[in-house]
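**Q** Curious how this folds, go ahead:
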Amino acid sequence: IIGVEPYVFKTVMYFCYGGTVSEEDLSANAKAIIEAADRFGIVSLKLQAEAALAEQTEVTVDNMLDNLLYANSKNLALFQEKIMDFAAENGDKIVGNVSFSSVPSELISDILTAFAQGKKSNGEAAPEDDLAFTRVSELRRRLHEKGLCFDGSRETMIALLRENTERVGNESV
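**A** Presented below is the predicted three-dimensional model:
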């Protein structure tokens, strides 16, 4: 398969046939596994590799923008949230040192959400009607409980939850 390293392809096939990919393999090959899993639509493997990538990556002022653009390009909402949390906590170090001119406009909203989450943070889950401030892991949990797809951007997950809530509300009327 063009564009997939043999070891990564073997790992993907092993996973598809019921194997469990070790944390060590996920960490060592996170980006390559994300690329392959995304390409072939293997959501659960992509999410596992994303979690490993988020866990192992130390976000810094120097790599923040590259990581943010990568996370956005692959719909890595959990990794993107980690980067946004870093931005919210380190705004004073970022301002004047990072240019946001190449950042897509939809990410600016996410950055502002991260700042707002930091100010509202009290350790509680956001209520159903306040999905804009809900953590990615909580959005994914709610989607999973409803049997809905939980891969995609933060906005996609919120829209899907709202759509499903409206549909369920209309059916019960």
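**Q** who's in contact with Asn67?
**A** Taking C-beta atoms under 8 Å, 6 or more residues apart in numbering, we find Asn67 in contact with 57, 59, 79, 83. Quick note: C-beta positions are derived from backbone N, CA and C, even for glycine.
**Q** again, only using 7 Å
**A** The contact partners of Asn67, by C-beta atoms under 7 Å, 6 or more residues apart in numbering, come to 57, 59, 83.
**Q** Isn't the last one up against Met64?
**A** Spelled out, it's Ile83. Yes - counting by C-beta atoms under 7 Å, Ile83 touches Met64, with 6.0 Å between them.
**Q** Who has more neighbours out of the two?
**A** Using other C-beta atoms under 10 Å as the criterion, Ile83 and Met64 rank with Ile83 on top: 27 against 19.
**Q** and Ser99, which of the three is it?
**A** coil (DSSP: H, G, I helix; E, B strand; the rest coil).
**Q** what about it, how many neighbours?
**A** Residues near Ser99, counting by other C-beta under 10 Å: 8.
**Q** And the pLDDT at it?
**A** Looking at Ser99, its pLDDT is 81.
**Q** Equivalent analysis for Cys149, please.
**A** At Cys149, pLDDT is 85.
**Q** Summarise which helices and strands the worst-scoring helix or strand of the chain on mean pLDDT is packed against.
**A** Least confident element among the helices and strands of the chain, by mean pLDDT, DSSP states H and E: helix 105-120 (a mean of 72). With contacts taken as 3 or more C-beta pairs under 7 Å, 6 or more residues apart in numbering; DSSP states H and E, helix 105-120 sits against helix 77-89.
**Q** 8 Å instead, please
**A** helix 77-89, helix 154-171 (3 or more C-beta pairs under 8 Å, 6 or more residues apart in numbering; DSSP states H and E).
**Q** Just send those back as CSV, with mean pLDDT and distance to Thr134 too.
**A** Below are the helices and strands packed on helix 105-120 laid out as CSV (pLDDT from 0 to 100; distance: least, C-beta to C-beta, whole Å):
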stretch, mean pLDDT, distance to Thr134
helix 77-89, 90, 10
helix 154-171, 81, 8
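**Q** what's the most buried one of the ones you listed?
**A** helix 77-89 (a mean of 22; mean count of other C-beta atoms under 10 Å).
**Q** Quick check: the gap between Leu131 and Tyr7.
**A** 39 Å (C-beta to C-beta, to the nearest Å).
**Q** How about the contacts made by Leu131?
**A** Per C-beta under 8 Å, 6+ apart, neighbours of Leu131: 139, 158, 161-162.
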